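Asker: Sequence first, predicted model second:
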Amino acid sequence: MSKSGTKIAEVLKGSFLADSKWNRHRFFVLWLALLALISIYSGHLVEKRVQQLAQLQAEAKDLSAEFTEVRSRLMRLSTPSKVRQRAEALGLKESKEPPARILIDKKGNLLKENK
């Protein structure tokens, strides 16, 4: 067996754990393993946030379209002709006289009444 094949066999068998070199460097290897786990975990969190962001952007786009549609519908319904039609359906008629303006001072006294 070649030299690299022997090294792979030692790793697969786990015999390298009994070596004195392993005992000297085990804390460093464990530290590297911990960093690798943290890196994997943070990658999963980032992917989850990216998916949430994409979902929220799609929802915002839908809500924006709905807002535009409702605003245009409201503008059509608030035209004077539409308001007049809806008021007539309720039995209300347009007044021929302008509204009266009443002015009152701070003390509550009537200053002027326009007719």
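Answerer: Yep, it's here. Numbering: from 1, shown residues only.

Asker: Any regions of this structure where pLDDT drops low?
Answerer: Judged against pLDDT under 70, the low-scoring parts of the chain cover residues 1-2, 4, 16, 112-115.

Asker: for it, what spans make up the strands?
Answerer: Read by DSSP state E, the chain holds these strands, from start to end of the chain: 101-104, 110-114.

Asker: Next one: Arg24 from Trp31, what distance?
Answerer: According to Cβ to Cβ, to the nearest Å, Arg24 stands 14 Å off from Trp31. Quick note: C-beta positions are derived from backbone N, CA and C, even for glycine.

Asker: Let me fix that, I meant to ask about Ala87.
Answerer: Distance from Ala87 to Trp31, by Cβ to Cβ: 79 Å.

Asker: In this protein, where's the longest helix?
Answerer: With DSSP state H setting the assignment, residue counts place helix 20-77 as the longest helix in the chain.

Asker: Show me what it packs onto, helices and strands only.
Answerer: Judged by 3 or more Cβ pairs under 8 Å, 6 or more residues apart in numbering; DSSP states H and E, helix 20-77 has no packing partners among the helices and strands.

Asker: Report the distance from it to the chain centre.
Answerer: Between the mean C-alpha location of helix 20-77 and the chain-wide mean there is a distance of 12 Å, by Cα atoms, centre = their mean, to the nearest Å.
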